[in-house]
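Asker: Sequence below, structure please.
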Amino acid sequence: MDLTFSNEETAFRDELRLWLAENHPGDEPDGGEDKQFAWRQDWQRRLNDGGWAGVHWPVEYGGRGATYTESAIFFEELGRANSPLPANGLGLVLGGPTLMAWGTEEQKERYLPMILSAEEIWCQGFSEPEAGSDLASLKTTAVRDGDEWVVNGQKVWTSAAQWSKWCMLVARTDPDLPKHKGLTYFLMDMDQPGVQVRPLKQMTGGSEFNELFLEDARIPHENIVGSEGDGWKVAMTTLMNERSGLAFFLQVRSRQLLDDLFRHARESGQIDDPLVADKLARLHAKAEVLRLTAYRGLTQIETYGQPGPESALTKLMWSELNQDITQFAADLLGPQALRDGTEWSYELMRARGNTIEGGTTEVLKNIVAERVLGLPRLKAAAQ
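Answerer: This is a model prediction of the structure:
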C-alpha cells in the first residue's frame, strides 16, 4: 500500500482545499435542529454547484468521477476544514450508489439529480424494534395490491426521517420463504398519510433519530429496486457503503477531537504528567492506526469494485476510539466537560451510541472473525 499521493491526487486535494477555504459555510447556526439542517442543505447545494456534492459518483450521473483515493481525500479535507457533512449524506453515500448498482435507467434519471442537489432528502428504513443488527428478522410487510404495494409495520433509528422525501425501505413480501429470501427493497414516498414520523429525544437534547409507523402506506410497483425478493442482496450493497463511505470523515473528526485534547493538555500544563502524556500517546497511536486501516480498505475496493467485510473493522475501531477520546476528555477537563450545553458534554453523550449504530460492536466482531480472519462460526453452547 503506497500512501504517497500522485500528482493528480495532490492537485485534487489542493483544488478542494482552495474551494473549501473560499466557500466555507461558517459556524453552525443557533435556533434548533430545523434551522441547522436547512443550513446543511444549503451547504450541499453549494457543494453541488461547485461540482463537489458527489465526487465519487460517475460523471454520467452528475458526479466528479473521483477515484477511491480522491474520495477519501474529499472526506479528509472536509473534516480538516471543519466543514459539515452534506445534508443528504444517506442519499449520497447509500441511496445513490445502490441505485447505480441495482436501479433501472428510469429510476436513476428520476432520483439521482435530486439527491445531488439535496432537493429531496433520503432516509434508511432498515432497523426495527426487534430487528436491528439482525436485519433479516424484520417484520414490516408489503402486500401486492394491483400496481401498488401496501406496507404495514414499524421502523426505528431512522436518521433524518423528519426531513426526508424518500425512504430506502426493506419489507417482507413473501412470509413463506426463508427470512433472507422473502425481502424486497422499495423506495417509499414519505409524504403520505400512511407514514407517521415520531422523533426520538436523545440525552444530547437532539432528535437525529426517529420512529416510523407505517399503516397502509402505498408504494408503486415501479419503486422496487432490483427485483421482488432481491431485498437482502440490495440491502447488503447499501450496508457495505454505509460502513466504508464515511470512514475517512469520521477518522478525521476523531483526530480533531484528539488535537483539542492535546491543546488543552499543553495549555493547562497537564501534558507534563506522565500518565496524561502516556494516555494521549496511546490515543494518538490508535488514531493513526485507524487512518491507515481506512486507507488499507481502499485496496479492497479498488481490487473488487466495492467495499468488503474489512469495512466493518474501521467502523469498529472508530467507535471504540471515539468513546475513549471523549471519556478521557471528561477525565482531563473535569466538570467543564460535563457542563450542559458545551461541546464536550455533547460529544461525550453522543459517543455512547457509536458502538450500537451502524452495526453493534458484537456483530462487527463476528463479521471480522468469520469473514476477514476466516474463523469458524460460533456455535450455541449445548443446553
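Asker: ok, whichever strand in the chain runs longest: who's next to it in the sheet?
Answerer: As assigned by DSSP state E, the longest strand anywhere in the chain is strand 209-220. Partners of strand 209-220 in the sheet, by DSSP bridges, are strand 148-156 (antiparallel), strand 195-200 (antiparallel).
Asker: Relative to Thr98, which of those strands is closest?
Answerer: When those are ranked by distance to Thr98, counting by C-beta to C-beta, first place goes to strand 148-156 at 17.1 Å. C-beta: built from backbone N, CA, C; applies to glycine.
Asker: Beyond the closest one, next helix or strand please.
Answerer: Later in the chain than strand 148-156, the nearest helix or strand by DSSP states H and E is strand 166-172.
Asker: which residues sit against the helix or strand just after that next one?
Answerer: The helix or strand immediately downstream of strand 166-172 is strand 183-189, counting by DSSP H and E. Counting by C-beta atoms under 8 Å, 6 or more residues apart in numbering, strand 183-189 makes contact with 98, 102, 107, 111, 125, 136, 138, 142, 149, 151, 165-173, 195, 217, 219, 223-226, 228-232, 234-235, all of which sit outside it.
Asker: Return the alpha-carbon coordinates of the longest strand of the chain using CSV.
Answerer: The C-alpha trace of strand 209-220 is given here as CSV (Å, rounded to 0.1, in the frame of the first residue of the first chain):
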residue,chain,number,x,y,z
PHE,A,209,-33.2,9.5,15.1
ASN,A,210,-36.9,8.7,14.6
GLU,A,211,-39.5,6.0,14.7
LEU,A,212,-41.5,5.3,11.6
PHE,A,213,-45.1,3.9,11.9
LEU,A,214,-46.4,2.6,8.6
GLU,A,215,-50.2,1.9,8.3
ASP,A,216,-51.4,1.0,4.9
ALA,A,217,-48.7,3.1,3.3
ARG,A,218,-48.6,2.6,-0.5
ILE,A,219,-45.6,2.2,-2.8
PRO,A,220,-45.9,1.9,-6.6
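Asker: Any buried residues in it, and which?
Answerer: Of the residues in strand 209-220, those with enough neighbours to count as buried (16 or more other C-beta atoms under 10 Å) are 209-212, 214, 217-219.
Asker: before we move on, what about stretch 94-107?
Answerer: Applying a neighbour-count criterion of 16+ other C-beta under 10 Å, one finds 94-103, 107 buried in stretch 94-107.
Asker: hmm, back to that, so which of the buried residues of strand 209-220 comes closest to Ile356?
Answerer: Comparing every one of these with Ile356 (C-beta to C-beta), the shortest separation belongs to Phe209, at 10.9 Å.
Asker: Contacts only, for that closest one.
Answerer: Neighbour list for Phe209: 156-159, 199-200, 202 [criterion: C-beta under 8 Å, 6+ apart].
Asker: let's see it at 10 Å
Answerer: For Phe209, the contacting residues are 127, 156-162, 199-202, 353, 357, taking C-beta atoms under 10 Å, 6 or more residues apart in numbering as the criterion.
Asker: Pipe the residues you listed into TSV and attach distance to Asp260, neighbour count and pLDDT per row.
Answerer: Listed next are the contacts of Phe209 as TSV, based on distance: C-beta to C-beta, whole Å; neighbours: other C-beta atoms under 10 Å; pLDDT from 0 to 100:
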residue	distance to Asp260	neighbour count	pLDDT
Ser127	32	21	91
Val156	33	20	94
Trp157	28	22	90
Thr158	31	27	94
Ser159	25	16	92
Ala160	27	20	94
Ala161	31	27	96
Gln162	30	19	97
Pro199	29	15	94
Leu200	28	14	93
Lys201	27	9	89
Gln202	22	14	85
Gly353	21	17	86
Glu357	23	16	78
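Asker: buried set for the helix ranked longest in the chain?
Answerer: What stands out as the longest helix in the chain, according to DSSP state H, is helix 274-304. Of the residues in helix 274-304, those buried by neighbour count under the rule 16+ other C-beta under 10 Å are 276, 279-280, 283, 286-287, 290-291, 293-295, 297-298, 300-301.
Asker: for the longest strand of the chain, what is the average pLDDT?
Answerer: Across strand 209-220, pLDDT averages out at 97.
Asker: Please state the offset of the next helix or strand after the longest helix of the chain from the chain centre?
Answerer: Towards the C-terminus, the helix or strand next in line after helix 274-304, according to DSSP H and E, is helix 311-333. Average the C-alpha atoms of helix 311-333, do the same for its chain, and the two points are 17 Å apart (C-alpha atoms, centre = their mean, to the nearest Å).
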